[in-house]
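> Turn this into a structure:
(one chain, ligands or ions: 1)
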Amino acid sequence: MKIRAGITAVGHYVPERILTNFDLEKMVDTNDEWIRSRTGIIERRICAADQATSDLAVEAARSVIQQSGLDVQTIDAIIVATVTPDHFFPSTGNIVQEKLGAHKAFSYDLAAACSGFLYALHMGMILIESGRHKKVIVIGADKMSSIVNYKDRNTCVLFGDAAGAVLLEPIDEADGGILDSMLFADGSGAEYLYMKAGGSKHPPTMETLANDWHFVYQDGKSVFKFAVQKMADVAEEILTRNGFSGKDLKMFIPHQANLRIIDAAVRRLKIDYDQVMINISRYGNTTAATIPLALSEAYQMKKLEKGDLVVFAAFGGGFTWGSSLLRWSLP
Ligand code: UT7
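Down below sits the predicted model:
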């Protein structure tokens, strides 16, 4: 019989400091009305100077551990989806492993930008389904403020810092779990959303620093066109190939990059807004963290019951995109 992977705990962490649209008005040539109407964002969270991505990830993982009563020595693997690792190496996963004291777990990072959590969830699902691993922590965490240029109005209004985490375990088919997962990539989109320097192609030099190549660059319009199309496509496809439609959905949990991209997916799926988890107004785009953060809030708000059909969908840098379909397995 096939082993099914299920989410058996979910948690999140956001830093305390709030950066509002009005704060940004004092930093760049922008205004609250533009940001709200073009993106749906009102405020975002920003890390303290001494907080790194691993600190966000550890807090999210701790809330999962607390919720499930998990003995950290039983954790088999920790996967951290991030584009803002503490260091190039060791992986942020290794740092999280040590901070949690999860000494029997192997750990690694996965870089798939805004689709990172869905990529990591897929890998965690496969580890569980293989039968070789029983407890996998999947984390989406990004300190976007570490790579955002707060002089560039095209990007600085969009991003925030956060982490979300889930525990994956083998569960009984009768209890639901992850029913399907789809991932895609199109490397021809690489230079529409990326950080130009810092890697082996353009190692840090005075020139890369002077050119601001260590910050996020985004051709917003081009990314928007792909995102609107692909996120709706993949959410629709995962439902139809499993014999479902929007009517069957309890909760659609999309990547939170832009409210207009979410609106397009809602129209395509023919669902109501009470079937969608939206928290972009409070956090902005937290890259790999958006989906586990929204899931964790939906769970805390008691919007999910055991057996509910849930779809995640994301689109991001790479380009990467994907979707997961699950039956919620927690009471
Ligand atoms: O999460 C990973 C994937 N990322 C995404 O999915 C993001 C996709 N892209 C977007 O969400 C949108 O393209 C943005 C929110 C980034 C931009 O919205 P837009 O409606 O595509 O605006 P635009 O880039 O076409 O800019 C329109 C105008 C421009 O001025 P002109 O050239 O028309 O005079 C911009 O310079 O708005 C200007 N603008 C701003 N004005 C005030 C750009 N940023 C700002 C700003 N405040 N912060």
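> For residue 205, list the residues it contacts.
residue 197 (C-beta atoms under 8 Å, 6 or more residues apart in numbering). Heads up, the C-betas are built off the backbone N, CA and C, glycines and all.
> so what's the backbone phi/psi at it?
Reported as degrees, to the nearest 10, the phi and psi values for residue 205 are phi -140, psi 170.
> If you drop the residues flanking it in sequence, what lies closest to residue 286?
Nearest non-adjacent residue to residue 286, counting by C-beta to C-beta, 6 or more residues apart in numbering: residue 162, 3.9 Å away.
> Where does the stretch 201-331 of the chain get nearest to the ligand, which residue?
residue 220 (2.9 Å; C-beta to the nearest ligand atom).
> Quick check, pLDDT for that residue.
Residue 220 is assigned 96 on the pLDDT scale.
> Compute the number of surrounding residues for it.
17 (other C-beta atoms under 10 Å).
> thinking it is in contact with residue 152, fair?
No - applying C-beta atoms under 8 Å, one finds residue 220 not in contact with residue 152, separated by 11.1 Å.
> before we move on, the earlier item: now do the same contact list for the residue nearest to residue 286.
Contacts of residue 162 (C-beta under 8 Å, 6+ apart): 12-15, 45, 56, 141-142, 283, 286, 289-290, 293.
> Reformat these as JSON lines; add secondary structure, pLDDT and distance to residue 225.
Putting the contacts of residue 162 into JSON lines (DSSP: H, G, I helix; E, B strand; the rest coil; pLDDT from 0 to 100; distance: C-beta to C-beta, whole Å) gives the following:
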{"residue": "12", "secondary structure": "strand", "pLDDT": "98", "distance to residue 225": "30"}
{"residue": "13", "secondary structure": "strand", "pLDDT": "98", "distance to residue 225": "33"}
{"residue": "14", "secondary structure": "coil", "pLDDT": "98", "distance to residue 225": "30"}
{"residue": "15", "secondary structure": "coil", "pLDDT": "98", "distance to residue 225": "32"}
{"residue": "45", "secondary structure": "strand", "pLDDT": "98", "distance to residue 225": "28"}
{"residue": "56", "secondary structure": "helix", "pLDDT": "98", "distance to residue 225": "31"}
{"residue": "141", "secondary structure": "strand", "pLDDT": "98", "distance to residue 225": "28"}
{"residue": "142", "secondary structure": "strand", "pLDDT": "98", "distance to residue 225": "23"}
{"residue": "283", "secondary structure": "helix", "pLDDT": "98", "distance to residue 225": "24"}
{"residue": "286", "secondary structure": "coil", "pLDDT": "98", "distance to residue 225": "22"}
{"residue": "289", "secondary structure": "helix", "pLDDT": "98", "distance to residue 225": "24"}
{"residue": "290", "secondary structure": "helix", "pLDDT": "98", "distance to residue 225": "20"}
{"residue": "293", "secondary structure": "helix", "pLDDT": "98", "distance to residue 225": "26"}
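> which residues of the stretch 1-150 of the chain fall in strands?
Secondary structure of the stretch 1-150 of the chain (DSSP state E, counting those that start in this stretch): strands at 4-13, 17-20, 43-46, 77-81, 106-110, 136-143.
> deepest of the ones you listed, which one?
Most buried of these, by mean neighbour count (mean count of other C-beta atoms under 10 Å): strand 136-143, with a mean of 32.
> That'll do, ta.
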